[in-house]
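Student: coords please:
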Amino acid sequence: MCRGMRLHFLCIIVVTLVLLLSCGGSKCVSDVVGEKIPLRYSSLLSIVECDGYTVVDVKNPWGKGLLQRYLLVPRDSVIPQSLPQGRLLRTPLEKSIVFSGVHASLFEELGMSNAVSGVCDAEFVYSPAVTEGLVAGAIVDCGSSLNVNREKVMEVSPEAIFVLPYENGGYGKLENMPYTLVECADYMENSPLGCAEWMRFYGRLLGKGIESDSLFAAVCREYESLCRLASGASERPTLMCELKGSSAWYVPGGESTMGRMYHDAGADYIFSSYKVSGSVPLSYEIILDKAAEADIWLVKYNSTVDLTKASLLEDFSGYGLFRPFREGRIYACNTRRNRIFESASFHPERLLKELVALFHPELLVDYETEFYEKMH
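Tutor: Numbering: from 1, shown residues only. Okay, the predicted model is just below:
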């Protein structure tokens, strides 16, 4: 082979390697020919409408490339012969297993509760339609998301299983089963509206693309209006959040959806300097050093009994050293009674309104809290 030809082939190899590396070894959205749907806030999704199918790419939140590619083909049409590589799903979905009450609630809002055939962690699913289905036996309890009941999953024989991905995590028993996993990385978005925009993907899976687009547009309008309202506040209270766990005190990172929402609601979130999109484990000593003089303390917990300041001290006496404890400015949400997670994920405007009212009561004088109550 002559020197010129060797150089030519070397250039081809180099270009190929660059393309592969830039996509993390996965297909890039650039290899799809179609109309790209403009997404306003999501940093992890790409949706392209092609001739006879839709391509949805889910980016890897923890590295380069794709977490997964989905090919959505209408159930009543012929599967195109020129489909790119990806996981095929016929839409609208008719049989699904859902791992999270958050997504079950969206199914319900879009009028597609009938597409939920099974759930995991049923005790944490509060969608009325799903709980009624569980009682009636129309929806199968597939056990814990950490220890899925294979027999129950096989009984459902789902077209899709909506799972929550974790960094370096797997799906255990599900990995060897012949069902498509829809990896719901919405919680890894770095803004509340980025997370909410995933309804446009889920809506297309359920044959409700137009409805989910319209719903998201309404959510954006309300959220953005509340942001403008909060930005006009004269002061920004300092904010701490959550409670000490057995090994660490987990707080939302500054680039998480909650960290962003605290900012949007007009608070100076004390842990915003931790630039991560997930939770940050901190020691009690670090929390005390940074947040001892906070103005407001927000707490979420799940219990059959409401927490009080006295019960907090019984659990851990160190809570008494924080100024919001001493001055009675702790606001708590018992998630067993209040559907804050189901609401906030796809309707962040509802929680934002509550936070604005807590941080700046003068801006929303007649607001009555839906999620948080003052702890006594």
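Student: quick one: residue 176 from residue 328, how far?
Tutor: 54 Å (C-beta to C-beta, to the nearest Å). (C-beta placed from N, C-alpha, C; glycine too.)
Student: domains of the protein?
Tutor: Under the assignment automatic domain parsing, the domains of the chain span 23-217, 234-374.
Student: okay if I get those domains as JSON lines plus distance to residue 224 and mean pLDDT?
Tutor: Listed next are those as JSON lines, based on distance: least, C-beta to C-beta, whole Å; pLDDT from 0 to 100:
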{"stretch": "domain 23-217", "distance to residue 224": "8", "mean pLDDT": "93"}
{"stretch": "domain 234-374", "distance to residue 224": "9", "mean pLDDT": "96"}
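Student: can these go into TSV with extra columns for mean neighbour count and distance to residue 223?
Tutor: Formatted as TSV, the domains of the chain follow (neighbours: other C-beta atoms under 10 Å; distance: least, C-beta to C-beta, whole Å):
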stretch	mean neighbour count	distance to residue 223
domain 23-217	18	6
domain 234-374	17	4
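Student: Save these as a markdown table, and put in distance to residue 225 too.
Tutor: Formatted as a markdown table, the domains of the chain follow (distance: least, C-beta to C-beta, whole Å):
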| stretch | distance to residue 225 |
| --- | --- |
| domain 23-217 | 13 |
| domain 234-374 | 8 |
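Student: Any idea which of those gets closest to residue 228?
Tutor: domain 234-374 (10.0 Å; C-beta to C-beta).
Student: Quick one: distance of the closest one to the chain centre.
Tutor: 18 Å (C-alpha atoms, centre = their mean, to the nearest Å).
Student: Now do the end-to-end distance for that domain.
Tutor: 23 Å (C-alpha to C-alpha, to the nearest Å).
Student: Regarding the protein, what is its longest strand?
Tutor: Determined from DSSP state E, the single longest strand within the chain is strand 66-74.
Student: need the helices for the stretch 201-350 of the chain, in chain order.
Tutor: 209-231, 257-264, 284-291, 309-315, 323-327, 340-346, 348-359 (DSSP state H, counting those that start in this stretch).
Student: Can you list the neighbours in contact with the fourth one?
Tutor: With C-beta atoms under 8 Å, 6 or more residues apart in numbering as the test, helix 309-315 has contacts from 243, 305, 319, 320, 325, 328, 330, 375, 376.
Student: ok, so what distance separates residue 110 from residue 334?
Tutor: From residue 110 across to residue 334, the span is 27 Å (C-beta to C-beta).
Student: Can you tell me the element residue 169 falls in?
Tutor: Using DSSP states H and E, residue 169 is not contained in any helix or strand.
Student: Check which helices and strands the helix or strand that comes right after the longest strand of the chain sits against.
Tutor: Per DSSP H and E, the first helix or strand lying C-terminal to strand 66-74 is strand 87-91. Counting contacts by 3 or more C-beta pairs under 8 Å, 6 or more residues apart in numbering; DSSP states H and E, strand 87-91 packs against strand 66-74, strand 180-183, helix 199-205.
Student: Kindly calculate the angle that strand 87-91 makes with strand 66-74.
Tutor: Calculated by axes from the mean of the first three to the mean of the last three C-alpha atoms, to 10 degrees, strand 87-91 forms an angle of 30 degrees with strand 66-74.
Student: Helix or strand next in line after strand 87-91, which one?
Tutor: Next along from strand 87-91, by DSSP H and E: strand 96-98.
Student: Direction included, what does that following strand pair up with?
Tutor: In the sheet, strand 96-98 lines up against strand 116-119 (parallel), strand 160-163 (parallel) (DSSP bridges).
Student: if we can go back for a sec, for the helices and strands packed on strand 87-91, please prepare TSV with the additional fields distance to residue 366.
Tutor: Putting the helices and strands packed on strand 87-91 into TSV (distance: least, C-beta to C-beta, whole Å) gives the following:
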stretch	distance to residue 366
strand 66-74	44
strand 180-183	41
helix 199-205	29
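Student: Indicate which one of the ones you listed is closest to residue 119.
Tutor: Evaluated with C-beta to C-beta, the helices and strands packed on strand 87-91 place strand 180-183 nearest to residue 119, the distance being 14.1 Å.
Student: Centre of the chain to whichever helix or strand comes after that closest one, how far?
Tutor: Next helix or strand after strand 180-183 toward the C-terminus (DSSP H and E): helix 192-196. Distance of helix 192-196 from the chain centroid (C-alpha atoms, centre = their mean) equals 8 Å.
Student: now do stretch 71-85
Tutor: On C-alpha atoms, centre = their mean, the centre of stretch 71-85 falls 28 Å from that of its chain.
Student: I'd like the helices of the stretch 201-350 of the chain laid out as a markdown table, including distance to residue 202.
Tutor: Below are these laid out as a markdown table (distance: least, C-beta to C-beta, whole Å):
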| stretch | distance to residue 202 |
| --- | --- |
| helix 209-231 | 7 |
| helix 257-264 | 17 |
| helix 284-291 | 36 |
| helix 309-315 | 37 |
| helix 323-327 | 37 |
| helix 340-346 | 9 |
| helix 348-359 | 16 |
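Student: So for residue 194, which of the ones you listed sits nearest?
Tutor: helix 257-264 (7.3 Å).
Student: Give me the residues contacting the closest one.
Tutor: With C-beta under 8 Å, 6+ apart as the criterion, helix 257-264 contacts 187, 189-192, 194-195, 223, 226-227, 230, 239, 241, 252-253, 269, 271-272, 277, 344, 348, 351-352, 355.
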